[in-house]
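Enquirer: whatever this is, show me its structure:
(one chain, ligands or ions: 1)
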Amino acid sequence: MDNKVVLNYDGKSYEYPIVESTIGDKGINISKLRDETGLITLDLGYKNTGATISDITYLDGDKGELFYRGYPIEQIAEKSNFTEVMYLLLHGELPNKSQFEQFERNIKAHNFVAEEMKKIIDAFPRSAHPMGVLSALTSALTAFSPVTVDPKTKEDRAAEVMLAKFAHLCAWTYRKKQSLPLNHGDNSLNYVENFYRMTFRLPNEEFEIDPIIVDSLDKLLILHADHEQNCSTSTVRMVGSAHTGIFASMSAGVSALWGPLHGGANQAVIEMLEMINEDGGDVAKYVAKAKDKNDSFRLMGFGHRVYKNFDPRARIIKKAADGILNQLGIHDNTLDIAMQLEKVALEDDYFIEKKLYPNVDFYSGIIYRALGIPTEMFTVMFALGRLPGWISQWKEMRLKNDPIGRPRQVYQGAQKRDYVPMEDR
Ligand code: CMC
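Expert: The predicted structure follows:
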């Protein structure tokens, strides 16, 4: 196999080396391209562009494989827990018992949020979307939790502070919506139990941890924990590449995730399923709308930039959704609609040809709803899950000293021209 690519342009020949990978896509290193040829590459949506070299997560879109630090997602979802996954993503290896306990202690040491932050959240109207509130609060942490310590450990310390505080902010966005008092953490609980209690505890009664709900949350968070260079992660890396601090970088990730083509799809899926249900459950009608070039409607929860086979996370979540609804004794009409939609779409030539399969967001909303989480909170749940991925990618970028992100452009605007005073226009 060649270890270089030859480009012939304008009567000259240029060579660009191949960058090897352990598995998956290799890259062409074109870092000298512009200097040597005067050309840049153009790849809208970065469909063929590697933004970095990473050791964290691998996914194969054709085979439907996803590995965290080499471990298949199926094994991780079945055998691990969210705290262990956070450690794995951040440190590269599974922790032994004492490393795990120390990591939990380190996070718990920051298990509170400055009281002044409550004033900020108070200022938002109750109608504010939780993702907007979360993004603002995450950025505001900068003012209350300065992370300036030993440079050798500062990324790890920043990560632990971020993990602890962010769970509060996610819980608080929910409580704001419900007009409930804002809680602080309970260090006798693990990360997911603590989040669950902070979110749902009522002021007038003892709170009991429901293991079915905690297990389901844990699994969902694991499945969302990282997904290599997706839109929000690339945003975090881009913002962080300017040496912007961790809180502002994560806040940017929250904003990117909010969009309905990305993490916001989980909210959009449930809204779509409800709409179809209320419209009499005519699934074929909506499949036809999604295929119609003149209709902007898309089947939310279908399709993925990388997965051109089944999304392995969707497969796990679909199974979990069945189990959880059974365990909780819930019958949800939207699940029936989802099943029909999946069946029709998977047998339809349009979806087969374009390789559009259900993605992670297709089933997650059904579980969140069964757990009593309101629709507008779904993407906040995704953000809580994705946080360790964002932090690990931010840390990797800082430790490898990646240069500031600064793409080029092909300009097609006006030529140089002289300013015309208003009276002469
Ligand atoms: N329904 C109907 N048609 C679709 C859909 C869909 N959900 N997704 C893609 N297509 C069509 C699209 O119209 C295009 O057709 P044509 O080639 O004739 O122009 C073709 O499939 C390729 O689509 P694309 O938009 O060029 O593909 P992309 O890689 O740029 O976009 C996507 C990927 C996920 C944004 C897109 O599939 C989509 O909008 N899906 C619905 C939103 C969604 O579920 N997002 C969650 C993604 S997974 C979780 C996450 O990223 O956070």
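
Enquirer: okay, buried residues for the longest strand along the chain please.
Expert: Using DSSP state E, we find that the single longest strand of the chain is strand 12-19. Using 16 or more other Cβ atoms under 10 Å as the test for burial, strand 12-19 gives 14, 16. From N, CA and C alone the C-beta is placed, and that goes for glycine too.

Enquirer: any residues of the chain in contact with the ligand? List them.
Expert: 45, 230, 261-263, 265, 290, 298-305, 354, 356, 359-361 (Cβ under 6 Å from any ligand atom).

Enquirer: give me the buried entries from these.
Expert: If we count by 16+ other Cβ under 10 Å, the residues of the chain next to the ligand have these buried: 230, 262-263, 265, 290, 298-304, 356, 359-361.

Enquirer: so residue 93 is in contact with residue 68, correct?
Expert: No: using Cβ atoms under 8 Å, residue 93 is not in contact with residue 68; the gap is 11.3 Å.

Enquirer: between those two, which one's more packed in?
Expert: Using other Cβ atoms under 10 Å, the more surrounded residue of residue 93 and residue 68 is residue 68, with 24 against 10.

Enquirer: the stretch 251-400 of the chain: helices as residue ranges?
Expert: 265-278, 283-291, 312-327, 333-347, 349-353, 360-370, 378-399 (DSSP state H, counting those that start in this stretch).

Enquirer: buried residues, the second one. List them.
Expert: Looking back up the chat, that one is helix 283-291. 283, 286-287, 290-291.

Enquirer: still on that earlier bit, which of the buried ones among the residues of the chain next to the ligand sits closest to residue 105?
Expert: Checking those against residue 105 by Cβ to Cβ gives residue 263 as the nearest, at 30.3 Å.

Enquirer: so what's the closest one closest to, chain neighbours aside?
Expert: Nearest non-adjacent residue to residue 263, counting by Cβ to Cβ, 6 or more residues apart in numbering: residue 257, 3.7 Å away.

Enquirer: any idea how far the one you found is from residue 312?
Expert: 20 Å (Cβ to Cβ, to the nearest Å).

Enquirer: got it, and residue 333?
Expert: For residue 333 relative to residue 312 (Cβ to Cβ), the value is 27 Å.

Enquirer: find the nearest non-adjacent residue to residue 304, please.
Expert: In space, residue 304 is closest to residue 359, 4.9 Å off (Cβ to Cβ, 6+ apart).

Enquirer: residue 290 now?
Expert: residue 299 (4.4 Å).

Enquirer: the one you found reaches residue 356, doesn't it?
Expert: Yes: under the criterion of Cβ under 8 Å, residue 299 makes contact with residue 356 at 7.5 Å.

Enquirer: overlap in contacts, those two.
Expert: residue 345 (Cβ atoms under 8 Å, 6 or more residues apart in numbering).

Enquirer: which non-adjacent residue is nearest the residue in the stretch 101-250 of the chain that the ligand sits nearest to?
Expert: Nearest residue of the stretch 101-250 of the chain to the ligand (Cβ to the nearest ligand atom) works out as residue 230 at 5.4 Å. Distances taken as Cβ to Cβ, 6+ apart put residue 262 closest to residue 230, at 7.0 Å, once the chain neighbours are dropped.
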